[in-house]
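Trainee: turn this into a model:
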Amino acid sequence: RFEQKDGEPKPRKVPYYATGSRRTGQQGSDDDRARLVPFDHAYRAVEAGKFSGLGFAFLPGDGLIGIDLDNVIDPGTGEVQERAQGIIDACASFTEFSPSGRGVHIYCLGETKSHKSNEIGVEMFCGRQFFTVTGRQFPGSVDVVTAIRPAVVDRLHQVIDEARGKQRATGSVAPLRQPVEGRDGGGLEERSFFARVNSKALHNLVAWVPALLPKARPYQGGFRITSADLGRDLEEDLSMVPEGIFDFGTECGKTAIDIVLEWGAPAKPLEAAEWLCARMGINPESLGGKRKRQRTAPLAPSRSSAAEPTMQTAAEHIEPPEWVSEAPPIDDLMHLVHDSAEFNSSFRRNDKGNIQPSLFNTLHVLEGDPQWRDVLGFNQFSYRIVKRRLPPVQPATEGEWADIDDVRLQVYLTKTYGFEPKKATVMDAVMQVAHAAPFHPVREYLDGLVWDGTERLATLLADCWGALSTLGSAALRREDAGAHRRLAKYLELAGTKWLIGAVARIFKPGCKLDTMLVFEGGQGDFKSSSIRALFGDEWFSDSKMTIGDKDALAQMQGKWAYEMAEMDAHRKADDTAFKQFITTQIDRVRWHYGKRAEDVPRQCIFVGTTNMSQYGKDETGMRRIWPAEVGLVDLERIRSTRDQLWAEAVALFKAGASWWVDKRVFVLEPDDEPLIDRPWSEFDLFEEQGEARQNVDAWEEPIAKFIADN
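Mentor: Residues are numbered from 1 along each chain as shown. Presented below is the predicted three-dimensional model:
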């Protein structure tokens with residue numbers, strides 16, 4: 001959708017999935033791929049008026065390169081820049097106009113690294129990003145996607161490198177523009193001054209970043225400003241941390257002077273350096289700068305003063321851009337420093353004034369240090385402590401809190417605050433802070449879905465798993481139409497109750513759910529893949545599980561669906577133990593990090609798979625099995641409708657629909673169904689299918705006949 005916020009010069013292209021949810025998270029992940037849909041599905045969503053247009057996603061490993069040429073067509077005359085026309089001709093692949101009509105998108109077959117230059121408006125995508133599709137083919141281009149020649153790719157990289165090379169400036173890392181030579185220097189002495197200013201600025205980010213970029217937010221001991229707040233495309237953030245400054249838009253490192261030159265008023269590196277010194281309260285001469293009477297930036301007042309540091313030249317007072325001039329005075333920004341003083345005074349110290357390596361002080365850092373705020377959380381689904389955002393350590397990673405993270409936190413406390421608690425103390429503090437911030441990812445996912453009102457669950461097993469298109473179903477239709485009607489009704493109920501039961505386990509952990517759907521089919525029928533597609537890669541597991549093993553209980557946590565492969569193998573197992581295992585509502589689990597066992601309400605469901613048609617050992621056990629023969633599995637349909645399938649299941653659950661089989665509920669009546677000979681309850685239909693899978697001894701029938709005859 002094209003979305004525009006107040007104050008933004010133009011709308012932004014915001015990617016959405018066809019289901020209506022924002023496209024977030026890691027591009028190309030299993031979850032991301034599962035939510036992407038083919039062209040026809042996306043086109044129907046656009047036709048329905050839900051979106052502004054179509055977006056084509058480039059994914060890792062798809063073998064595609066996208067080349068984006070911006071502002072290369074004169075809107076008045078339609079004339080194409082010579083270089084752009086040369087690139088189009090050299091690529092010789094399908095090319096279309098961009099939405100603005102001033103640029104083009106070229107689609108090619110190939111692999112390369114993503115690379116771009118905003119200066120000349122040339123970008124190559126590969127494995128990430130997306131194109132807004134217009135369908136307006138560029139005149140003279142071919143109507144197929146062809147392979148790009150390696151020489152053309154190399155030349156494009158060279159063009160981009162050359163363009164970015166023109167943006168180099170003085171300083172330690174790749175700056176945006178080159179310093180102005182002449183009266184303001186550029187010699188060795190001045191470059192040394194610039195380097196010292198840049199170094200000081202990296203360690204005093206709070207003094208100048210918020211004043212220059214008011215929308216920047218604290219991040220890893222420094223600041224980060226989003227691409228949206230910079231008025232850029234997606235994934236073009238600007239990161240400014242003590243370890244360095246990196247511009248994800250130009251994909252290069254920068255210095256503090258570069259940032260001031262790009263986003264502030266100074267036109268020359270010396271002016272930018274003096275402005276930074278003023279913000280930091282540093283005399284430029286102390287860093288090797290030469291003071292020039294006609295071009296001196298007055299020293300910034302002390303931080304206790306309310307006066308705002310200024311920068312003047314002999315000719316004029318340099319005004320920052322309008323949006324920068326709205327930045328609050330430095331004293332308003334220094335609440336972080338004041339808060340820090342109060343924070344530091346709250347530590348418990350020993351007689352020498354040193355911070356004690358205690359649980360209290362460790363908790364104080366995790367709860368009060370802005371860099372650790374909102375880092376830790378407790379996943380109520382997986383029963384794991386996780387990092388919900390990057391912690392201020394190196395290397396910083398998200399995901400489950402691991403043993404190495406305890407060590408990294410110890411190092412952080414030692415270097416930053418000068419105390420080193422024991423590892424057990426760190427673990428206790430982490431556990432306390434994380435458990436105070438619980439969240440449930442599956443519940444959040446389900447709560448965020450909006451059902452469109454179209455019923456899909458009743459035909460789920462028939463539409464997505466081909467359960468009414470199998471050879472067995474076709475034979476049953478020919479031989480016994482009444483039995484086929486009962487099968488169809490059973491599949492409606494089984495598919496619907498299956499998903500409602502899975503939803504119930506999330507919203508009511510430990511609820512009674514002692515049944516299991518079993519998919520029957522041959523090897524390579526995508527039984528496992530289809531379950532994974534429905535529940536999501538992260539929340540599905542088909543790892544081997546030993547029933548009765550204590551590790552199996554911990555193994556299930558964090559999984560919404562657990563596949564029990566080859567159900568026929570359970571004929572060899574203790575059937576009583578099997579029934580007890582799948583009917584358990586609360587598991588007694590001892591975590592690897594815990595000292596005591598804990599009662600954990602079960603949140604997962606089990607799904608069986610088998611390549612046999614008879615695998616039941618006794619009648620009571622088969623009542624817990626809901627069999628469904630698999631035909632042609634439509635993985636794409638499962639992926640594209642996944643959100644709406646779960647949205648409908650949530651709606652039915654909240655409306656009070658049952659996920660269990662009821663003997664008192666009759667679903668087929670002879671008065672309504674000419675093929676039905678008597679009233680059939682839900683229980684009758686499910687019992688009929690279970691009995692058909694009963695593993696019958698070959699001698700059972702002749703012996704029974706003999707007894708009856710004699």
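Trainee: tell me, how many residues neighbour the closest residue to Asp70 other than its chain neighbours?
Mentor: Excluding the flanking residues, the one nearest Asp70 by Cβ to Cβ, 6 or more residues apart in numbering is Gly121, at 3.4 Å. C-betas here are computed from N, CA, C, even on glycine. Using other Cβ atoms under 10 Å, Gly121 has 17 neighbouring residues.
Trainee: thought Gly121 was touching Arg102?
Mentor: No: at 9.5 Å, Gly121 does not count as touching Arg102 under the criterion of Cβ atoms under 8 Å.
Trainee: need the overlap of contacts for the two.
Mentor: Shared contacts of Gly121 and Arg102, defined by Cβ atoms under 8 Å, 6 or more residues apart in numbering, are found at Asp70, Asn71, Val72.
Trainee: the last one - how many residues pack around it?
Mentor: By other Cβ under 10 Å, the residues close to Val72 number 21.
Trainee: follow-up on the earlier one: got a list of what the residue nearest to Asp70 touches?
Mentor: Leu69, Asp70, Asn71, Val72, Gly103.
Trainee: list the contacts of the third one.
Mentor: Applying Cβ under 8 Å, 6+ apart, we find Asn71 in contact with Arg102, Gly103, Gly121.
Trainee: please apply the same query to His105.
Mentor: Gly66, Ile67, Asp68, Leu69, Thr95, Glu96, Phe97, Ser98, Phe131, Val133, Thr134.
Trainee: Three-state assignment for it, please.
Mentor: strand (DSSP: H, G, I helix; E, B strand; the rest coil).
Trainee: distance of Gly140 from Ala92?
Mentor: Gly140 is 10 Å from Ala92, where distance means Cβ to Cβ, to the nearest Å.
Trainee: these two: who's more crowded?
Mentor: Ala92 (16 against 9).
Trainee: from what I can see that one touches Val145, true?
Mentor: No: checked against Cβ under 8 Å, the pair Ala92 and Val145 is beyond contact range at 10.6 Å.
Trainee: for Gly78, grab the count of nearby residues.
Mentor: Count around Gly78 with other Cβ under 10 Å applied: 9.
Trainee: check which helix or strand it maps to.
Mentor: For Gly78, there is no helix or strand it lies in under DSSP states H and E.
Trainee: got the phi and psi for Val144?
Mentor: Main-chain torsions, Val144, degrees, to the nearest 10: phi -130, psi 160.
Trainee: right, I mislabeled it, should have said Ile500
Mentor: Dihedral angles (degrees, to the nearest 10) for Ile500: phi -60, psi -40.
Trainee: wait, it touches Ala655, no?
Mentor: No: if you go by Cβ under 8 Å, Ile500 and Ala655 don't touch, sitting 9.8 Å apart.
Trainee: neighbour count for the two, which is higher?
Mentor: Between Ile500 and Ala655, counted using other Cβ under 10 Å, the more crowded position is Ile500 (23 against 8).
Trainee: how about the nearest residue to the more buried one, chain neighbours excluded?
Mentor: Ile500 sits nearest to Trp659 (Cβ to Cβ, 6+ apart), 4.2 Å away.
Trainee: over to Arg637?
Mentor: Cys464 (5.4 Å).
Trainee: ditto for Ser141
Mentor: Leaving aside its chain neighbours, Ser141 sits nearest to Thr95 (3.8 Å; criterion: Cβ to Cβ, 6+ apart).
Trainee: so what's that neighbour up against?
Mentor: Ile88, Val104, His105, Ile106, Tyr107, Gln137, Phe138, Ser141.
Trainee: one step back: just the pLDDT for the residue nearest to Asp70.
Mentor: pLDDT recorded at Gly121 is 89.
Trainee: end-to-end on stretch 559-566?
Mentor: 19 Å (Cα to Cα, to the nearest Å).
Trainee: so how far is it off the chain centroid?
Mentor: Here stretch 559-566 is found 24 Å from its chain centre; the criterion is Cα atoms, centre = their mean, to the nearest Å.
Trainee: equivalent analysis for stretch 113-133, please.
Mentor: 21 Å.
Trainee: buried sites along that stretch?
Mentor: Within stretch 113-133, the residues scored as buried using 16 or more other Cβ atoms under 10 Å are 114-118, 120-133.
Trainee: ranges for the helices of the stretch 51-200 of the chain?
Mentor: For the stretch 51-200 of the chain, the helices defined by DSSP state H, counting those that start in this stretch cover 82-91, 150-165, 188-202.
Trainee: of the ones you listed, flag the one that's most buried.
Mentor: Compared across the helices of the stretch 51-200 of the chain, helix 188-202 shows the largest average neighbour count, a mean of 19 (mean count of other Cβ atoms under 10 Å).
Trainee: remind me which residues of the stretch 551-700 of the chain are low pLDDT?
Mentor: For the stretch 551-700 of the chain, applying pLDDT under 70 flags the ranges 567-574, 591-595, 613-622, 695-700.
Trainee: could you report the neighbour count for Lys352?
Mentor: When neighbours are counted by other Cβ under 10 Å, Lys352 comes out with 5.
Trainee: quick check: the gap between it and Gly418.
Mentor: Look at Lys352 and Gly418: by Cβ to Cβ, they are 11 Å apart.
Trainee: all strands of the stretch 201-350 of the chain, in order?
Mentor: 217-219, 222-225, 238-241, 244-247, 252-254 (DSSP state E, counting those that start in this stretch).
Trainee: kindly export the fourth one (C-alpha atoms) in CSV.
Mentor: If I follow you right, that is strand 244-247. What follows is strand 244-247, C-alpha atoms only, in CSV (Å, rounded to 0.1, in the frame of the first residue of the first chain):
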residue,chain,number,x,y,z
GLY,A,244,31.0,3.1,14.5
ILE,A,245,28.4,4.7,12.1
PHE,A,246,26.8,2.7,9.3
ASP,A,247,24.4,3.9,6.7
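Trainee: so Phe519 makes contact with Ala628?
Mentor: Yes: between Phe519 and Ala628 there is a contact under Cβ under 8 Å: 5.8 Å.
Trainee: circling back to that earlier point, let me have the contacts of Gly121 in TSV, adding pLDDT and distance to Met427 as columns.
Mentor: TSV is the format used below for the contacts of Gly121 (pLDDT from 0 to 100; distance: Cβ to Cβ, whole Å):
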residue	pLDDT	distance to Met427
Leu69	94	54
Asp70	92	51
Asn71	91	55
Val72	92	57
Gly103	93	54
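Trainee: which one of those is nearest Phe381?
Mentor: Asp70 (43.3 Å; Cβ to Cβ).
Trainee: roughly how far apart are the closest one and Gly101?
Mentor: 12 Å.
Trainee: over to Asp374?
Mentor: Using Cβ to Cβ, Asp374 is found at 43 Å from Gly101.
Trainee: who has more neighbours out of those two?
Mentor: Shown here are Asp374 and Gly101; by other Cβ under 10 Å, Gly101 has more neighbours (12 against 9).
Trainee: check contacts around the more buried one.
Mentor: Shown in contact with Gly101 (Cβ under 8 Å, 6+ apart): Ile73, Pro75.
Trainee: intersection of neighbour lists for Asp70 and Gly101?
Mentor: Overlap of the contact sets of Asp70 and Gly101 (by Cβ under 8 Å, 6+ apart) is empty.
Trainee: now, which of the contacts of Asn71 sits nearest Ile582?
Mentor: Among those, and counting by Cβ to Cβ, the member closest to Ile582 is Gly103, at 57.9 Å.
Trainee: that closest one reaches Leu69, doesn't it?
Mentor: Yes: using Cβ under 8 Å, Gly103 makes contact with Leu69 at a distance of 5.4 Å.
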